[in-house]
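K.L.:
Below are the sequence and a predicted model for it; my questions follow.
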Amino acid sequence: MHAIRKDSVSLIAVAEHEEGQRLDNYLIKILKGVPKSHIHRIIRAGEVRLNKKRCKPDNRIQAGDTVRIPPIRIAEKQRSSESQAAPAREFDIVYEDDALLVINKPSGVAVHGGSGVSFGVIEQIRRARPEARYLELVHRLDKDTSGLLMIAKKRSALVKLHEAIRNDHPKKIYLALGVGRLPNDRFHVKLPLFKYTGAQGEKMVRVSEDGQSAHTIFRVLNRFSDGLLHQVGLSDLTFVEATLKTGRTHQIRVHLQSQDCPIAGDERYGDYQANKRLQKLGLKRMFLHASELHLAHPLTGEKLILKAPLPQELAQFVLMLENQEKAV
């Protein structure tokens, strides 16, 4: 953590893991709570210096550079309360080296704080690893989605992985249970997705020609339509594998909804009555799990195939459905 003085000039040395960033983005990170507009103003006024020279917001910083920061008051109280709110926690590690950490995120945990959530995975891991100089989320998973989550331990790894994601890599495979019957065993959904804000201020997505292109490949793994489902008023469930060709917000959830087969337990895009009936059978969460990542290591290029099995509660639910099918 950089010590920023509020009553005198601070001279900050750029560390190796911080290089390559724009100056303004670097300052936004270390000057917590200071508005971006104010940061741009002190740069333009020449109060911020890079190696004793005037600089611009888009200058790229390098390891060993010295950044002069004028006396500035940052939100210390807010920052300290945030750090206290996040309890230290380590998660199940699927892969780790000096550049990359991949964990198996449980359902019900946000990946980061914000929007009414005081802390998430990244804050908890940072708290558990105070010696770590750099830990940044590579991508996101919805709070109620479990599975593989990538965290960069070096900025160079983050940059490479973001570049790969822009080119629709790595390959991401999910497992989901849909409420309904999908007619084909394997099919593509190519429907553009548009983000908007719901009535309660929540983030929502719908299929719209005004949205971003989105492409998911679905493969049916099993179908269920036995007497147990009929007892609670359900007709069909479909267990699917979903491979993302693009990575849009809520993509699998909205693409399955568009096929009249919303994800079981999905409170935002699902079938409310069906979810209540599924709870009677023991399903207490959304059935969506990030199960596989196929990627080239961001620094070595080594091919990695990482897997996270279905969490116990989902695996047991599928097993129950399979046993009921056999019993009929």
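P.N.:
Done, it's in.
K.L.:
Next up, the contacts around E322.
P.N.:
Applying Cβ atoms under 8 Å, 6 or more residues apart in numbering to E322 gives the contacts 222, 224. From N, CA and C alone the C-beta is placed, and that goes for glycine too.
K.L.:
one more time with 6 Å, if that's ok
P.N.:
Taking Cβ atoms under 6 Å, 6 or more residues apart in numbering, we find E322 in contact with no residue.
K.L.:
so it is in which element?
P.N.:
helix 312-327 (DSSP states H and E).
K.L.:
Got phi/psi on Y174?
P.N.:
Phi and psi for Y174, reported as degrees, to the nearest 10, are phi -120, psi 160.
K.L.:
Please state the offset of stretch 141-156 from the chain centre?
P.N.:
If you compare the mean C-alpha spot of stretch 141-156 with that of the full chain, they lie 5 Å apart, counting by Cα atoms, centre = their mean, to the nearest Å.
K.L.:
er, stretch 303-316 actually
P.N.:
The answer for stretch 303-316 is 17 Å, by Cα atoms, centre = their mean.
K.L.:
ok, and what's touching it?
P.N.:
Residues outside stretch 303-316 that contact it (Cβ under 6 Å, 6+ apart): 94-95, 102, 104, 146-148, 287, 289, 291-297.
K.L.:
one step back: for the helix holding E322, the averaged confidence score.
P.N.:
Confidence for helix 312-327, expressed as mean pLDDT, is 88.
K.L.:
so E241 touches R219, yeah?
P.N.:
Yes - under the criterion of Cβ atoms under 6 Å, E241 makes contact with R219 at 4.6 Å.
K.L.:
Next, the buried residues of the strand or helix carrying I43.
P.N.:
Assigned by DSSP H and E, I43 belongs to helix 36-44. Residues 39-40, 42-43 are the ones in helix 36-44 that count as buried (16 or more other Cβ atoms under 10 Å).
K.L.:
Quickly check those residues for the two that are furthest apart.
P.N.:
Taking Cβ to Cβ as the measure, the buried residues of helix 36-44 span a maximum distance of 7.7 Å, between H40 and I42.
K.L.:
quick revisit: ok, residues contacting the helix holding I43?
P.N.:
So helix 36-44 is in contact with 24, 27-28, 48, 57, 70, going by Cβ under 6 Å, 6+ apart.
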